[in-house]
Structure formats: C-alpha cells, structure tokens
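Enquirer: Pasting the sequence and the predicted model now:
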Amino acid sequence: MEMLVVCAILVVITALILLDYNRFGGDVRLENFAYDVALSVRQAQVYGIAVQRFGTNTFQGYGAHFTLSSPINYIIFADVEGSGLFDSTSIPSEIVETDTIGDYYRISGLCAISAVGGSVCTPMRTIDIFFKRPEPTGYISASPDANPPVSCIQNPQTACQFEAQITLLSPKGDTRTVVVDSTGQISVQN
C-alpha cells in the first residue's frame with residue numbers, strides 16, 4: 001500500500017513538472033522572438049546612425065516596417081526616397097531584410113502613443129520606425145487603417161508619434177511587447 005502511495009505521488013509530481021516545463025519553454029521562445037524584434041529595430045537604428053551602405057548607394061536612413069496584414073513578417077528597410085516610410089514599390093527595392101517570426105508566434109497588435117507622457121496607445125495597422133544620422137532619435141509614423149502612414153519626416157508637427165508598441169503573441173496566448181520611443185530607447189516588456 002505504501003509503495004502504491006509513493007508511486008502515485010511521483011506520478012503527480014512528474015506530471016506537474018512536465019506541464020510547467022512546456023509552459024516555460026513557450027515563454028522562453030516568446031521572449032526570444034521579442035528580443036529578436038527589438039534587436040532588428042536596434043540594427044536599423046545603428047545602420048541609420050552609421051549611414052550604412054546598401055548596394056551601391058548610401059541612404060538617408062534606415063527603418064523597421066510592421067503591418068498587421070503580414071503578422072509573421074517585418075521588414076528592415078533602407079529609405080530610397082527620403083520619406084522615412086517603407087515603399088514596397090520603390091526601385092531599387094528598399095528591403096534590407098525580411099524577418100519571420102516562426103512556430104505560430106505572431107504580431108498580434110500595433111499601437112502608438114502620440115504625446116509625451118501620454119497613456120493611451122491607439123491601435124494601428126501599420127507602423128514605420130525610422131532612424132537617420134546624426135541622432136539615435138526614432139521617427140515613428142503610423143496608420144490606423146489600410147492607408148499608408150503619413151511621414152513623420154515630412155510632417156513632424158502632425159504625424160510623429162512618441163512611442164510605438166509591437167505586441168507579440170504565443171500560440172498559448174502569452175504576450176510580450178517591444179516598445180520603441182522617439183528618443184531611440186528600445187525595450188521588451190511583459
């Protein structure tokens with residue numbers, strides 16, 4: 001009888017550990033994807049400050065493009081036209097790299113805060129975060145609908161957002177948010 005009780009206790013403990021281990025693995029993968037997104041934005045920032053060459057040209061800056069119409073991909077771009085926005089029809093192509101978030105993880109939300117110290121994050125469909133020399137300052141342009149965003153570079157008084165938030169979702173429903181503010185600070189939050 002004692003042996004049966006000990007075996008039952010071991011089975012229960014093993015089941016609890018295995019269930020928690022799977023959840024832990026999912027959390028680690030979600031956090032890794034969030035840090036990958038943050039590092040990609042940081043890479044665009046470094047390229048923009050350093051005036052990194054792309055092909056045979058030196059561009060005015062670099063940025064990261066996020067859209068909910070493609071929730072598993074985001075694009076690092078070199079700005080050909082000087083608009084501070086990603087243009088998919090530009091020749092030569094502005095795409096430096098297209099990164100994919102895999103394994104059923106995805107971008108579930110984009111939002112932007114328009115004022116310093118603001119607390120309301122307005123949902124967006126598209127966000128372009130752009131960096132140019134000589135400052136690490138981010139120029140955040142966003143659009144709440146299917147239209148392309150209005151350029152923060154060309155309309156700084158009305159189009160610039162203070163903060164962008166990119167929310168990543170795991171298959172189990174857990175989230176992590178990459179926060180980029182206009183001062184150039186990039187962080188990952190739970």
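Expert: It's in.
Enquirer: where do the strands sit along this protein?
Expert: 53-54, 57-58, 61-67, 73-78, 95-100, 106-113, 122-124, 126-132, 138-143, 163-169, 175-181, 186-189 (DSSP state E).
Enquirer: Which one of those has the poorest average confidence?
Expert: Mean pLDDT is lowest for strand 57-58 out of the strands of the chain, coming in at a mean of 64.
Enquirer: thinking again about what came up before, pipe the strands of the chain into JSON lines and attach mean neighbour count per row.
Expert: Any C-beta I mention is one placed from the backbone N, CA and C, and that applies to glycine too. Below are the strands of the chain laid out as JSON lines (neighbours: other Cβ atoms under 10 Å):
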{"stretch": "strand 53-54", "mean neighbour count": "14"}
{"stretch": "strand 57-58", "mean neighbour count": "10"}
{"stretch": "strand 61-67", "mean neighbour count": "25"}
{"stretch": "strand 73-78", "mean neighbour count": "22"}
{"stretch": "strand 95-100", "mean neighbour count": "14"}
{"stretch": "strand 106-113", "mean neighbour count": "20"}
{"stretch": "strand 122-124", "mean neighbour count": "16"}
{"stretch": "strand 126-132", "mean neighbour count": "26"}
{"stretch": "strand 138-143", "mean neighbour count": "25"}
{"stretch": "strand 163-169", "mean neighbour count": "22"}
{"stretch": "strand 175-181", "mean neighbour count": "20"}
{"stretch": "strand 186-189", "mean neighbour count": "15"}
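Enquirer: isn't Arg176 right up against Ser187?
Expert: No - the pair Arg176 / Ser187 is not scored as a contact, 10.7 Å apart, by Cβ atoms under 8 Å.
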